[in-house]
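[1] Need a 3D model of the sequence below.
(2 chains)
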Amino acid sequence: MSEKLLAVRDLSVSFATEGGLLSAVDRVCLDLAAGEVLAIVGESGAGKSVTAQTIIGLTRSPNARIEGSVRLHGAELLDASEADLQKVRGKQIAMVFQDPMTSLNPVYRVGDQIVEAIRAHREGMGNAEARGLAVEMLSAVGIPEPQRRVDDYPHQFSGGMRQRVMIAMALESSVLIADEPTTALDVTIQAQILDLLGRLNRERGLATILIAHDLGVVARIADRVLVMYAGRVVEEGTLDEIFYDPQHPYTWGLLGSLTRLDRPRPHRLPQIPGTPPSLLSLPRGCAFRPRCPHAFGRCTEPPGLEARLPDVPGHRDRCWLSPEQKRELRQVEGRIGLEEPAA
Amino acid sequence: MGRFAVRRLLGMLLVLFAISIIVFLIFNVIPSSDPASRIAGKNATPQLVASIERTWGFDDPLPAQYWTMMKLIFTGELISYSSQLNVDEQIWKGIPATFSLCIGAAAIWMFFGILFGYLSAVKAGRLTDRALTILTLVGISVPVFWLASVLLYYLTFKVQLFPSGGYVPLTENPLDWAYHLILPWTTLAVLFIGFYSRVLRSNMLDAMNEDYVRTARAKGLSERQVRMRHVLRNSLIPIVTLFGLDFGAVVGGGAILIESIFNLNGVGQYAADAISNLDLPPIMAVTLFGAFFVVLFSTLVDIAYAYLDPRIRLEAASR
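    Predicted coordinates for the structure are as follows:
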């Protein structure tokens, strides 16, 4: 857990749109150590997917402005040539996407699509050999009868099995970015896919960035958690720190909206009031201010991402409230949550 | 597959039957289409007309006349009313020219249609795309007879680069065959090149936003591999459908105008002559000939479709 595989520094991504410059990601920093699972959590539009796709250069386009630094094993990726990036994609960093139903090409056999990924990075490997490897990969991700299934088409697989195929394609890499890999799946299958990711992480040391909009999903396997809001990291810490000592009101809101089976159920599942701000014109100061019941005068100044608790340098957040205030304010009906404004 | 074939065969018979009935009825309600007085010629006596009616069976009830005609077509004994020549033989004679024209033009239009569509999609929004867009829209809008006349005027009359028409059999002299067909091929292909490249361009632009294309990029494939194997491959499926239907239609009489202008003596020109003479037997035979190819190629398209898109199964489609 020491060596940094991937280091992202001050990554900003903005897109020129008809409505003006849209700031999708704002100075995001993250580190991924070998063998680690880092979760990025936030609502839709928080910039999670853009961050992930920018890391492997999939957001490059004439109307995207990308700044900062992404280093993989010390080598800069942001200004790497397209040809160099191709060598990184699928070989060092692989990506699994949200919707397994559309992420595989419907007209090719599943095995051929895995073979394509293998052979893209292994010049001189024959088709038969790559196919053997594909069968091994399918078996590694828990697909029964891989010798037979390798010749099936994607439509002959269920959603969960297709997601396993996508993960199988990633087994060649040392870093896996899983962009909401379970969102399109039903709950029991979600758990299976998460367990698979956890197992691959433990057994193969596959470093993983797990993107989710649900803290419940990441609780299963994450080591560290990054909470994003409106393109910025608002809180970062270990899984335990985020779950048991959350510092940012947005994190409280996310935690408060989880259903927990070990506690009495509230009458109505709490939700965070309001909607995320437009990325074209962010509010002054803290981006969460308009939705935050605890906002006060100072919140119009932008808070930095800083360690605000003594003795816990890795736990950082962007909230001006004092740790004592936070400890008190986040208690809602005996559990952590975001107080709902009086109606 | 067997079930599919039987279904399609029955469907084809039904289509041919319906078309033959319609053609027959239309012909019989057209004024001045009475074949007896046409055969008898100008200034014929009523007695002559009546005797022709009797010998050719024109005074029989319509269903009986229809039945006789169908029997003659499929036994190869149908005789034209105006030229007294065997209709089936005339069609057989026209087939080499018609097929040469259609197959050659189809190869040209598929090649350039796909090439232009691909370039247009890859360079979307840039100069190449705009130039190709204008070019293909002109190609779609230009009337065939106008284009043919312009080509003939400049390239055969003014510059004398190409022959003005006529058909040289492939077996006689392959070079001369192609030389005589270049202008007709071009004229026929232009419309389809324009049409196909527009369709392919928009298909490819749609496909580029598909998740599986993003997956292909994330695998580390080169942009070229992504485009050829994933974008183009999937975008060609609708093009194959179009091609099957268009090719069937072109073989089945869509090239009438071009065959007449370039004097190719194919099935199309035979049909054109028959129509101008209101000569029912060849019209009927050529129409059925055309319908046969349209149905045949739409069946081939369905088979190709199941091969190109594994989600489609013929058995399910024919149920």
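[2] can you tell me if the one helix or strand A:Leu5 maps to touches chain B.
    Assigned by DSSP states H and E, A:Leu5 belongs to strand A:4-17. No. Legend: contact between strand A:4-17 and chain B by C-beta under 8 Å from any C-beta of the partner chain is lacking; minimum distance shown is 14.4 Å. Just so you know, the C-beta spots here come from the backbone N, C-alpha and C atoms, and that holds for glycine as well.
[3] List of residues touching that strand?
    A:21-34, A:47, A:50-51, A:54-55, A:59, A:61, A:63-73, A:93, A:174-175, A:207, A:209, A:280 (C-beta atoms under 8 Å, 6 or more residues apart in numbering or on different chains).
[4] Show me these that map onto strands.
    A:21-33, A:64-72, A:93, A:175, A:207, A:209 (DSSP state E).
[5] Now, of the residues you listed, which are buried?
    A:22-26, A:28-33, A:66, A:68, A:70-72, A:93, A:175, A:207, A:209 (16 or more other C-beta atoms under 10 Å in any protein chain shown).
[6] Those residues of the stretch 1-150 of chain A touching chain B, which are they?
    A:56, A:58, A:82-83, A:86-91, A:94-95, A:97, A:99, A:102-107, A:116-117, A:120-121.
[7] Just the buried subset of the residues you listed, written out for ChimeraX, thanks.
    Those of the residues of the stretch 1-150 of chain A next to chain B that count as buried under 16+ other C-beta under 10 Å are selected in ChimeraX with:
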select /A:56,58,86,88,89,90,91,94,95,97,99,102,103,104,105,107,116,117,120,121
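[8] In helices, which of the residues of the stretch 1-150 of chain A next to chain B appear?
    With DSSP state H as the criterion, helices contain A:Glu82, A:Ala83, A:Gln86, A:Lys87, A:Val88, A:Thr102, A:Ser103, A:Glu116, A:Ala117 from among the residues of the stretch 1-150 of chain A next to chain B.
[9] surely the third one meets B:Gly220?
    The one in question is A:Gln86. Yes. Judged on C-beta atoms under 8 Å, A:Gln86 makes contact with B:Gly220 at a distance of 4.9 Å.
[10] which residues are common contacts for these two?
    Common neighbours of A:Gln86 and B:Gly220 (C-beta under 8 Å, 6+ apart) are A:Ala120.
[11] Residue numbers of the stretch 151-300 of chain B in contact with chain A?
    So far as C-beta under 8 Å from any C-beta goes, the stretch 151-300 of chain B lies against chain A at B:210-212, B:214-223, B:225, B:229-230, B:233-234, B:237.
[12] Name the nearest residue to B:Lys123, ignoring sequence neighbours.
    B:Asp129 (4.6 Å; C-beta to C-beta, 6 or more residues apart in numbering or on different chains).
[13] For chain B, just list every one of the strands.
    According to DSSP E, chain B contains no strands.
[14] which stretches of it have low pLDDT?
    B:1, B:32-33, B:254, B:313-319 (pLDDT under 70).
[15] Considering only it, name the residue that lies closest to chain A.
    B:Gly220 (3.4 Å; C-beta to the nearest C-beta).
[16] Can you report phi and psi for that residue?
    Dihedral pair for B:Gly220: phi 100, psi 20, per degrees, to the nearest 10.
[17] which residues sit in contact with it?
    Counted by C-beta under 8 Å, 6+ apart, B:Gly220 has contacts A:Gln86, A:Lys87, A:Val88, A:Arg89, A:Gly90, A:Lys91, A:Ala117, A:Ala120, A:His121.
[18] Let's see that with 6 Å instead.
    Counting by C-beta atoms under 6 Å, 6 or more residues apart in numbering or on different chains, B:Gly220 touches A:Gln86, A:Arg89, A:Gly90, A:Lys91, A:Ala120.
[19] ok, for it, nearest residue in space, not its chain neighbours?
    Spatial nearest neighbour of B:Gly220, chain neighbours left out: A:Gly90 (3.4 Å); criterion: C-beta to C-beta, 6+ apart.
[20] Need the per-residue pLDDT for the one you found.
    pLDDT recorded at A:Gly90 is 89.
[21] Repeat that for the one 4 residues further on.
    Model confidence at A:Ala94, given as pLDDT, is 93.
[22] cool, the one 10 residues further on as well?
    We note a pLDDT of 95 for A:Leu104 in this prediction.
[23] swap in A:Cys299?
    Value listed for A:Cys299 in the pLDDT field: 92.
[24] Quick one: neighbours of it, just the number.
    A:Cys299: 20 surrounding residues under other C-beta atoms under 10 Å in any protein chain shown.
[25] swap in A:Leu226?
    What A:Leu226 shows, counting by other C-beta under 10 Å, is a neighbour count of 26.
[26] Just give the nearest non-adjacent residue to residue 163, would you?
    All of this is about chain A. Nearest one to A:Gln163, counting by C-beta to C-beta, 6+ apart, is A:Pro100 at 4.0 Å.
[27] ah, no, chain B please
    B:Pro163's closest residue in space is B:His180 (C-beta to C-beta, 6+ apart), at 5.3 Å.
[28] and that neighbour, what does it touch?
    With C-beta under 6 Å, 6+ apart, B:His180 has these contacts: B:Pro163, B:Gly166, B:Val168.
[29] tell me, what residue is most central in chain A?
    Nearest to the mean C-alpha position of chain A, counting by C-alpha atoms, centre = their mean, stands A:Ile211 at 1.8 Å.
[30] contact partners of stretch B:160-177?
    Here stretch B:160-177 has contacts from B:Ala97, B:Leu155, B:Thr156, B:His180, B:Ile182, B:Leu183, B:Phe262, B:Asn263, B:Leu264, B:Asn265, using C-beta under 6 Å, 6+ apart.
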